[in-house]
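>>> just need the structure, nothing else, for what follows:
(2 chains)
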Amino acid sequence: MDLENQARIKTLAEELGAENLLVILGGAEAEAAGLAAETVSAGDPTFAGPLAGVSLGLSVYHIVEDEIKSLCDAAVYEEQIGMMEMVLDVDAIKEEVSSIREQYSKF
Amino acid sequence: MNYPVIKGTAYALIHTPTLLVHMGTTQTVERQAHPDSEYLKLVPERLRSFEDTVNYAPNQVYIGNNHPSSLKDVPMPWWQNSLENAERDGKYGEIMPEDEFLGLVKIVDSFDLVLLEESFLEEIKPKLAEHPLFDENDLKRLGKGTALSEVENQIKNNKAEALYIGEKVVGCVKRAHETDQSLTAHIMTENLVAKASGTLAFKHLIVKNDLDVKDVEYIIECSEEACGDMNQRGGGNFAKAIGEMVGAVNATGADMRSFCAGPAHTMVAAAALVQAGVYKNVVVVAGGATAKLGMNGRDHVKKDMPLLEDNLGAFAVMIGQNDGVNPIIRTDIVGRHVIGSGSAPQAVMQALVLDPLQRADLTIPEIEMYAAELQNPDVTVPAGAGDVPQANYKMIAALAVMKQMLESSDVATFGDKHGMPGFAPTQGHIPSGVPFLGHARDMMLAGDLKNAMIIGKGSLFLARLTNLFDGVSFVIEANTGLKEEEVGLDKEQVRDMIAEAMREFANSLSK
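Below is the predicted model of the structure:
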């Protein structure tokens, strides 16, 4: 995950409290989405950024996961995400991100 | 409309494993943070030889010796399935080895910043003398070599950037100012490399396409580097600096930037200048980026692969007035991601692909080939970034399905019919559609391709000034020959028209 984004998430968690923050990912690849999910929950697995060794335990979802999709206005979702749902390996992304969430999210 | 045409293209790669080690940001950042890291120890073992990089299938496609579709027959990973006896010389350019390239960096140095060690200079002189692109004047610019002790002194005491071949110091680039942070030795090396590689592509453009460099009236450079001093960090101008090196004495020029979308913006601007008659011939040129060498190196080392990002990429394209033969640039079918477009992939694709086609009463499947973000998947897939061209084809197809232009069952095969495997080095601006121009031009000249859309996309957030996305697209078409009105009217026709108008005028008076 981009180092600058790691810093922004860390600051937000400090300001708002980790329990009040939820991260929604949009990554196109299961592996990359999983890495981002791991970064904001368990800490930066590449040990390169501000979240290296920092386990924020944030709640993290991908936009294609049903928990998030069901909260969106169907027409807006179709307009913004409909095309990508056809393109992405949605099942692989769901499996990867939910597995990371179950392991490391504290909230 | 009298559209401008693509008169020629050139593509060059430069194999620079040592610049990867010392100038690639993944390596320089690691060296600063963890000088003894395991990764840095493994890097030298994972560098490819020049022969390996020449025999690497995507590289042969980039320099024009093989068609992009040939990659479909090479099993992946491509680095494990090398070609045999491939040539460094290409139909559109070449793959240059690092030692010759350091000589070229010296040749394009206008401020005596590059010092090459004496024995190294003697080694590369005969090689460059044999090279068909370099003449006596170029060789004179190599000058005399510098004693190793002086090179070492510059590196140790004057903050010069060392130039290596393997482990051996063979020269250095001096800083261009004692305190100016925009003219440090590191930045001067980046900029001289961009200038040298752009020069190489430009020289190939002229020679391989049998063009006259004196016909060039304007040059637009579209790499991702910034040259200038502390008072104007990106003041410019690579275009004119490169033009000087190739003898484009009748040209002026300027630089144009928009991250990876830069070349697409530049092609549209160059086409417009020619179509408007401002300049007859405009060259679009870009050199390579040292910073991106070995960018995904950590992932490649982790996956026991060689560091595939060991080549600088460069290209050049000449755009001229309609000759009735070369492919035309449809300046009336231009897609643009506007400030209000939104950055969701769907909004981006709508703006870049669907909107321009609909304005021209075309459907998505009516474009025979799409070239968008042609990053080599051999590099990006192991780094977790996926197969970028394939993702683009799926997105274009999905958009076509949503607009009832395609059946959903066709999404999976759309890329096979309307696309190509990625073959461009991950040099930022280089992959964005333009590497297909050479192949597309050949296919159109041979009557094998009717039209193609070139798409450039850029991530502007990297400059931390805006979160907006960026992209530009344009359509090229096979030339169907000059129409009568484009050829111009002859005197007889003009006389008839005037006579007709006079008759009508006389009739109106008599009424």
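>>> switch to C-alpha atoms for all contacts and neighbour counts from now on
Fine.
>>> list the buried residues in the lowest-mean-pLDDT helix or strand in chain A.
Least confident helix or strand, chain A: helix A:74-87 with a mean of 90, by mean pLDDT, DSSP states H and E. Buried residues in helix A:74-87, counted by 16 or more other CA atoms under 10 Å in any protein chain shown: A:77, A:80-87.
>>> for chain B, tell me which of those show up nearby.
Filtering these for neighbours of chain B using CA under 8 Å from any CA of the partner chain leaves A:80-84, A:86-87.
>>> and the furthest pair within those residues?
Greatest spacing in those, by CA to CA: A:Gln80 and A:Val87 (13.0 Å).
>>> after the helix or strand bottoming out on mean pLDDT in chain B, next one along is what?
Least confident element among the helices and strands of chain B, by mean pLDDT, DSSP H and E: helix B:484-487 (a mean of 56). Once helix B:484-487 ends, the next helix or strand along the chain (criterion: DSSP states H and E) is helix B:491-510.
>>> wait, a strand at B:Ile219?
Yes. Using DSSP: H, G, I helix; E, B strand; the rest coil, the assignment for B:Ile219 is a strand.
>>> re the thing from before, how about the ones next to chain B among the buried residues of helix A:74-87 in a markdown table, adding distance to B:Pro35?
Compiled in a markdown table, these are given as follows (distance: CA to CA, whole Å):
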| residue | distance to B:Pro35 |
| --- | --- |
| A:Gln80 | 45 |
| A:Ile81 | 43 |
| A:Gly82 | 46 |
| A:Met83 | 45 |
| A:Met84 | 42 |
| A:Met86 | 45 |
| A:Val87 | 42 |
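>>> before we move on, the earlier item: following the least confident helix or strand of chain A, which helix or strand shows up next?
Going down the chain from helix A:74-87, the next helix or strand is helix A:90-104, by DSSP H and E.
>>> before we move on, the earlier item: okay if I get the buried residues of helix A:74-87 as a markdown table plus distance to B:Gly419?
What follows is these, written out as a markdown table (distance: CA to CA, whole Å):
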| residue | distance to B:Gly419 |
| --- | --- |
| A:Tyr77 | 28 |
| A:Gln80 | 24 |
| A:Ile81 | 23 |
| A:Gly82 | 22 |
| A:Met83 | 19 |
| A:Met84 | 18 |
| A:Glu85 | 21 |
| A:Met86 | 18 |
| A:Val87 | 16 |
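>>> closest to B:Tyr3 out of those?
Comparing the buried residues of helix A:74-87 against B:Tyr3 with CA to CA places A:Met83 closest, at 33.8 Å.
>>> leaving out the residues flanking it, which one is nearest to that closest one?
Leaving aside its chain neighbours, A:Met83 sits nearest to B:Ala398 (5.6 Å; criterion: CA to CA, 6 or more residues apart in numbering or on different chains).
>>> what of B:Val246?
The spatially closest residue to B:Val246, leaving aside those adjacent along the chain, is B:Lys203, at 6.2 Å (CA to CA, 6+ apart).
>>> can I get the CA coordinates of the one helix or strand that neighbour maps to in CSV?
For B:Lys203, the host element (DSSP H and E) is helix B:185-208. Extracted in CSV, the C-alpha atoms of helix B:185-208 (Å, rounded to 0.1, in the frame of the first residue of the first chain):
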residue,chain,number,x,y,z
ALA,B,185,24.5,14.9,-10.0
HIS,B,186,21.6,12.4,-9.5
ILE,B,187,19.1,14.6,-11.3
MET,B,188,21.5,15.5,-14.0
THR,B,189,22.1,11.7,-14.6
GLU,B,190,18.3,11.1,-14.8
ASN,B,191,17.9,14.0,-17.3
LEU,B,192,21.0,13.1,-19.4
VAL,B,193,19.7,9.5,-19.6
ALA,B,194,16.3,10.8,-20.8
LYS,B,195,18.0,13.0,-23.3
ALA,B,196,20.3,10.3,-24.6
SER,B,197,17.5,7.6,-24.9
GLY,B,198,15.2,10.1,-26.6
THR,B,199,18.0,11.0,-29.0
LEU,B,200,18.5,7.3,-29.8
ALA,B,201,14.7,6.9,-30.7
PHE,B,202,14.7,10.1,-32.7
LYS,B,203,17.8,9.0,-34.7
HIS,B,204,16.1,5.7,-35.5
LEU,B,205,12.9,7.5,-36.5
ILE,B,206,14.8,9.4,-39.2
VAL,B,207,17.0,6.5,-40.4
LYS,B,208,14.5,3.6,-40.3
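>>> got a list of what A:Asp89 touches?
A:Asp89 makes contacts with A:29-30, as judged by CA atoms under 8 Å, 6 or more residues apart in numbering or on different chains.
>>> now it: how far from chain B?
11 Å (CA to the nearest CA, to the nearest Å).
>>> for chain B, what lies in contact range of chain A?
Applying CA under 8 Å from any CA, we find that chain B lies next to chain A at B:344-347, B:384-386, B:391, B:394-395, B:398-399, B:402.
>>> by neighbours, which of those residues wins?
For those, the largest number of neighbours (other CA atoms under 10 Å in any protein chain shown) sits with B:Ala398, at 28 neighbours.
>>> where does that one land in three-state SS?
Using three-state DSSP, the structure places B:Ala398 in helix.
>>> sorry, back to before: for the helix holding B:Lys203, packing partners?
In terms of contacts (3 or more CA pairs under 8 Å, 6 or more residues apart in numbering or on different chains; DSSP states H and E), helix B:185-208 is packed against strand B:5-15, strand B:93-96, helix B:98-107, strand B:161-165, strand B:168-173, helix B:238-246, strand B:281-286, strand B:311-320.
>>> which one of these lies closest to B:Asp210?
Closest to B:Asp210 of the helices and strands packed on helix B:185-208 is strand B:5-15 (CA to CA; 8.8 Å).
>>> any idea which helix or strand comes after that closest one?
With elements assigned by DSSP H and E, the helix or strand that comes after strand B:5-15 is helix B:17-23.
>>> and the closest residue to chain A within the stretch 101-250 of chain B, how close does it get to B:Val282?
Closest approach between the stretch 101-250 of chain B and chain A, counting by CA to the nearest CA: B:Glu224, at 19.6 Å. For B:Glu224, the distance to B:Val282 (CA to CA, to the nearest Å) stands at 20 Å.
>>> doesn't A:Val60 belong to a helix?
No. Going by three-state DSSP, the assignment for A:Val60 is strand, not a helix.
>>> quick check: it touching A:Glu19?
No. At 11.5 Å, A:Val60 and A:Glu19 do not qualify as touching, with contact defined as CA atoms under 8 Å.
>>> more crowded one of the two?
A count of neighbours by other CA under 10 Å puts A:Val60 above the other of A:Val60 and A:Glu19, at 25 against 13.
>>> contacts only, for the residue nearest to A:Met83.
Residues in contact with B:Ala398, defined by CA under 8 Å, 6+ apart, are A:83-84, A:86-87, B:408, B:411.
>>> next, count neighbours for B:Gln493.
Residues near B:Gln493, counting by other CA under 10 Å, number 11.
>>> actually, B:Glu407.
13.
>>> distance check, it against B:Asp299.
Per CA to CA, B:Glu407 is found 37 Å from B:Asp299.
>>> likewise for B:Leu183?
For B:Leu183, the distance to B:Asp299 - CA to CA - is 32 Å.
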